[in-house]
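Enquirer: Pasting the sequence and the predicted model now:
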Number of protein chains: 2
Amino acid sequence: MMSDTESLHIPSYQDMLDAHERIRPHIRCTPVRSSDYLNELAGCQLVFKCENFQEPGAFKVRGATNAVFGLSDEQAKAGVATHSSGNHASCLSYAAMLRGIPCNVVMPRTAPQAKKDTVRRYGGKITECEPSTSSREETFARVQAETGGDFVHPYNDPRVIAGQGTCSKELIEQTDGLDMVVAPIGGGGMISGTCLTLSTLAPETKVIAAEPEQADDAYRSFKAGHIIADDAPKTVADGLLVPLKDLTWHFVRNHVSDIFTASDPEIIEAMKLTWKHLRVVMEPSSAVPLATILKNKDYFKGKRVGVIITGGNVDLDKLPWMQG
Amino acid sequence: MMSDTESLHIPSYQDMLDAHERIRPHIRCTPVRSSDYLNELAGCQLVFKCENFQEPGAFKVRGATNAVFGLSDEQAKAGVATHSSGNHASCLSYAAMLRGIPCNVVMPRTAPQAKKDTVRRYGGKITECEPSTSSREETFARVQAETGGDFVHPYNDPRVIAGQGTCSKELIEQTDGLDMVVAPIGGGGMISGTCLTLSTLAPETKVIAAEPEQADDAYRSFKAGHIIADDAPKTVADGLLVPLKDLTWHFVRNHVSDIFTASDPEIIEAMKLTWKHLRVVMEPSSAVPLATILKNKDYFKGKRVGVIITGGNVDLDKLPWMQG
């Protein structure tokens, strides 16, 4: 096991504490919310951490601001760069805007117009690529060579994981103790940050990952004991399509207690329940935890369960229950 | 002027303070939220008070719990009764459930099934009437005679107005001072409570009412100097169809600084903007304030503006921008 990880830069608990001091002026300490109705339905005490209430609408602003504000003035001049078609792209643009440095984003030309608009609203510069891994890698290499921007990976970056870990630090401070925290898993950035923080701050609190059945590569990796990456998973939870990488796999395999999955119809039903009873706008990806909780009621029965609502950026004209 | 009001029981500031002590264990001190994006768009500092986050999803739980928990044990035995097809019906049922007393609600048989379901979920007993004023009054008189329940009017009741006033007390405590507070106006319960509280607690803070153009009876009453009641207004803001009554008219005419109106398309646009950038689920009625602010930017320019998000109960399968 050591041989796999000794070359990795695993962020430490102190890195997370430093991150929190660094990003505090730039992010919101998001509120927690509960619903008596959902508690009754689930048979446990649910505390939802509303990261959808961050200004750019996602927890990813934590890791992004930690990376951006951790750069030396010298490094910062060339700005940052990334490839992402989701919340990381807009959150990194937002963080770069706050520091007043350039942000270059490589996005597939097929990405939704709304996502491109958000990146541009925050001053991010988009370079389009074809929707293939080879085109993305080629294009990104070129952009990075031209700009010299610091590469901030969406999740496989110790600065990003340390930043995401600040979320569950706040969550623990906002509650009287939790038996478990459930968060969605895609690439594993939020889950890794949660493991990083809770394994020191609240080691009695289990970390549970929730994944779409139709993109269950983390579940299968967890069972198999090594990373399994899917080619092109397809699920309504479009923030959770990417595979684990070495850093996030380190946290998943060492600190996650269980991974549960839910089907797309179950995810959509949980999304509607949250919109209706918690009255917050959240993405399909953020509904996966509640979907898995409702599907495994015996496991969660009577427990105090923290749930991370990871993001709230949806196309209001194309809600999943309005289609088909 | 005195002759109009001396027969009314106008609630006092002390009534509002008493209401807050009475209802505090039964309601939530709802959070306030802001969006840099909406601030920039509006050209002022907006602080949204999220009454949609009350457990039954509307500010009306404040007045309802004040009425229900203010009853003597003797009075409480017969329970409460009201006629309403909206949030007051479910909030009064909710309050009665908390105290463990009966709640009888007269609703038109044409009311949406979802509203009936909510009332029944909270243990309210529904008696259906025809959708006409005469049938409603007849049916309600019969129900009240049979049950002896205490009539809690949706807004023209001093206990209800004192309860609603606790909302802006919290809002003032949660901010560093506001130049104005904008709330929707239908029957005027929330606006009256806001006037009651701010005229003593923050007399420098103006109270502005926001009304749908297509149900602008309060606006016309305000201009005319006497109550004008419309017969059957029709607007997407379906919580704002009812007319002012003597008690609420007292507050409107004496303490409201201005009433602004917005069209249905403007209301729907403001609703989408709030869902998208504040990421909260709110009713069309709750979007009227932002719609009027965006329409009158010069008036609000640079001001610190509190906005009451009055409720969050919507039919997610029939969102107004999905129709037509």
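Expert: Looks like it came in fine.
Enquirer: Near chain B, which residues of the stretch 51-200 of chain A? Just list them.
Expert: By the rule C-beta under 8 Å from any C-beta of the partner chain, the part of the stretch 51-200 of chain A lying against chain B is A:52-53, A:55, A:57. (Glycine included, C-beta is placed from N, CA and C.)
Enquirer: a markdown table for these, including distance to residue B:153 and secondary structure?
Expert: Formatted as a markdown table, these follow (distance: C-beta to C-beta, whole Å; DSSP: H, G, I helix; E, B strand; the rest coil):
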| residue | distance to residue B:153 | secondary structure |
| --- | --- | --- |
| A:52 | 37 | helix |
| A:53 | 36 | helix |
| A:55 | 41 | coil |
| A:57 | 40 | coil |
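Enquirer: So among those residues, which ones count as buried?
Expert: Buried by 16 or more other C-beta atoms under 10 Å in any protein chain shown: A:52-53, A:55, A:57, out of these.
Enquirer: Name the spans of the stretch 1-150 of chain A whose pLDDT lies under the cut-off.
Expert: Applying pLDDT under 70 to the stretch 1-150 of chain A picks out residues A:1-6.
Enquirer: for the residue most central in space within chain A, what are its contacts?
Expert: In chain A, the residue lying closest to the centroid (C-alpha atoms, centre = their mean) is residue A:190, at 4.5 Å. Counting by C-beta atoms under 8 Å, 6 or more residues apart in numbering or on different chains, residue A:190 touches A:59, A:164, A:167, A:183-184, A:308, A:310.
Enquirer: repeat for residue A:66
Expert: Counted by C-beta under 8 Å, 6+ apart, residue A:66 has contacts A:19, A:22-23, A:159-160, A:162-163, A:166.
Enquirer: Out of the residues of the stretch 51-200 of chain A next to chain B, flag the one nearest to residue A:33.
Expert: residue A:53 (9.4 Å; C-beta to C-beta).
Enquirer: Nearest spatial neighbour of the closest one, chain-adjacent residues omitted?
Expert: Spatial nearest neighbour of residue A:53, chain neighbours left out: residue A:30 (4.7 Å); criterion: C-beta to C-beta, 6 or more residues apart in numbering or on different chains.
Enquirer: got a list of what that neighbour touches?
Expert: Per C-beta under 8 Å, 6+ apart, neighbours of residue A:30: A:49-51, A:53-54, A:167, A:170.
Enquirer: now do residue A:220
Expert: By C-beta under 8 Å, 6+ apart, the neighbours of residue A:220 are residue A:228.
Enquirer: so is it in a helix, a strand, or just coil?
Expert: When classified by DSSP: H, G, I helix; E, B strand; the rest coil, residue A:220 comes out as helix.
Enquirer: do you know how far it is from residue A:257?
Expert: Here the criterion is C-beta to C-beta, to the nearest Å. By it, residue A:220 lies 17 Å from residue A:257.
Enquirer: rewinding a little: how about the buried ones among the residues of the stretch 51-200 of chain A next to chain B, which pair is most distant?
Expert: Once C-beta to C-beta is applied, these give A:52 and A:55 as the farthest pair, at 10.8 Å.
Enquirer: And the strands in the stretch 201-324 of chain A, which stretches?
Expert: In the stretch 201-324 of chain A, the strands defined using DSSP state E, counting those that start in this stretch lie at A:206-212, A:256-262, A:304-309.
Enquirer: elements contacting the last one?
Expert: Meaning strand A:304-309. strand A:45-50, helix A:158-174, strand A:180-184, helix A:288-295 (3 or more C-beta pairs under 8 Å, 6 or more residues apart in numbering or on different chains; DSSP states H and E).
Enquirer: What lies in contact with the third one?
Expert: So that's strand A:180-184. Contact partners of strand A:180-184, identified using C-beta under 8 Å, 6+ apart, comprise A:168, A:171, A:190-191, A:194, A:198, A:205-211, A:237, A:239-240, A:257, A:285-286, A:288-289, A:292-293, A:300, A:303-308, A:310.
Enquirer: Mind doing that once more with 6 Å?
Expert: For strand A:180-184, contacts defined as C-beta atoms under 6 Å, 6 or more residues apart in numbering or on different chains pick out A:168, A:190-191, A:194, A:206-208, A:210, A:240, A:285, A:288-289, A:305-308, A:310.
Enquirer: my read: residue A:233 touches residue A:241, true?
Expert: Yes: under the contact definition of C-beta atoms under 6 Å, residue A:233 touches residue A:241, with a separation of 5.4 Å.
Enquirer: the helices in the stretch 1-150 of chain A, which residues?
Expert: Applying DSSP state H, counting those that start in this stretch to the stretch 1-150 of chain A gives helices spanning A:2-5, A:13-23, A:36-42, A:60-69, A:73-77, A:87-99, A:113-121, A:133-147.
Enquirer: of all these, which gets the most neighbours per residue?
Expert: helix A:60-69 (a mean of 29; mean count of other C-beta atoms under 10 Å in any protein chain shown).
Enquirer: Count the residues that sit near residue A:254.
Expert: 12 (other C-beta atoms under 10 Å in any protein chain shown).
Enquirer: Contacts only, for it.
Expert: Per C-beta under 6 Å, 6+ apart, neighbours of residue A:254: none.
Enquirer: Mind doing that once more with 8 Å?
Expert: residue A:195.
Enquirer: same question, residue A:278
Expert: Counting by C-beta under 8 Å, 6+ apart, residue A:278 has contacts A:33, A:35, A:38, A:48.
Enquirer: Chain B contacts on the stretch 201-324 of chain A?
Expert: For the stretch 201-324 of chain A, the residues in contact with chain B (C-beta under 8 Å from any C-beta) are A:272, A:275-276, A:279-282, A:312, A:316-317, A:319, A:321-322.
Enquirer: out of the helices of the stretch 1-150 of chain A, which comes closest to residue B:75?
Expert: helix A:36-42 (26.4 Å).
Enquirer: any residues touching that closest one, and which ones?
Expert: Counting by C-beta under 8 Å, 6+ apart, residues outside helix A:36-42 touching it are A:45-46, A:273-274, A:277-278, A:290, A:293-294, A:297, A:300, A:305, B:55.
Enquirer: if you set the cut-off to 6 Å instead, what comes out?
Expert: A:45-46, A:277, A:293-294, B:55.
Enquirer: neighbour-wise, which of those residues leads?
Expert: residue A:293 (27 neighbours).
Enquirer: quick one, what contacts that residue?
Expert: Per C-beta under 6 Å, 6+ apart, neighbours of residue A:293: A:42, A:300.
Enquirer: Against chain B, how distant is it?
Expert: 20 Å (C-beta to the nearest C-beta, to the nearest Å).
Enquirer: in the stretch 201-324 of chain A, what spans have low per-residue confidence?
Expert: Looking along the stretch 201-324 of chain A with the criterion set at pLDDT under 70, you get A:323-324.
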